[in-house]
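Undergrad: Here is a sequence with its predicted model. Questions after.
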Amino acid sequence: MKISISFQNFDHTETLDTKIKEKSEKLNKYVGPSGHIHWHCYVKENKHYAEIKFGNTHAKANSESLYKTIDMVLKKAEKQLVKQNEKKKNKIHRKTGEAQIMDVEQAWTDYDEDYFKDVA
């Protein structure tokens, strides 16, 4: 996995590079070994912004601390990835056949009263 980091309007430190690389390892299972993650961090009007881009995923967050912002943007990206993966799974497992129409009497014979408990 390739990680590129760019900073704007402030100097970066080795600590920030290390933190971003460690946090990016969480995304390795989604991106894969041949993926490319691009981080862009900058300061604007006394707020720290962080953006992450990879594949068709893009997330952006801001806060008073860059470390907190990195965590926030990572959570957003993970949430997007989980949602995309769930959509793929649901699409694969969705039945493509037509709905089966049963006779009313036949449908009620399949109903098991012991399985359903009275809610009232």
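TA: Looks like it arrived, so ask away. Numbers count the residues shown, from 1 in each chain.

Undergrad: so what's Q8 up against?
TA: Contacts for Q8 were tallied using Cβ atoms under 8 Å, 6 or more residues apart in numbering; they are 40-43. No exception for glycine: its C-beta is placed from N, CA and C like everyone else's.

Undergrad: sorry, that was for S6
TA: Here S6 is in contact with 38-41 (criterion: Cβ under 8 Å, 6+ apart).

Undergrad: still on that earlier bit, report the buried members of the contacts of Q8.
TA: Neighbour-count burial (16 or more other Cβ atoms under 10 Å) applied to these gives 41-42.

Undergrad: Looking at the contacts of Q8, which is nearest L81?
TA: Taking Cβ to Cβ as the measure, H40 is the one of these closest to L81, at 18.5 Å.

Undergrad: my read: that closest one touches H48, true?
TA: No: if you go by Cβ atoms under 8 Å, H40 and H48 don't touch, sitting 11.8 Å apart.

Undergrad: re the thing from before, which members of the contacts of S6 are positioned in strands?
TA: Among the contacts of S6, the ones falling in strands (DSSP state E) are 38-41.

Undergrad: will you turn the residues you listed into JSON lines that also has distance to N28?
TA: Formatted as JSON lines, the ones in strands among the contacts of S6 follow (distance: Cβ to Cβ, whole Å):
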{"residue": "H38", "distance to N28": "15"}
{"residue": "W39", "distance to N28": "14"}
{"residue": "H40", "distance to N28": "20"}
{"residue": "C41", "distance to N28": "20"}
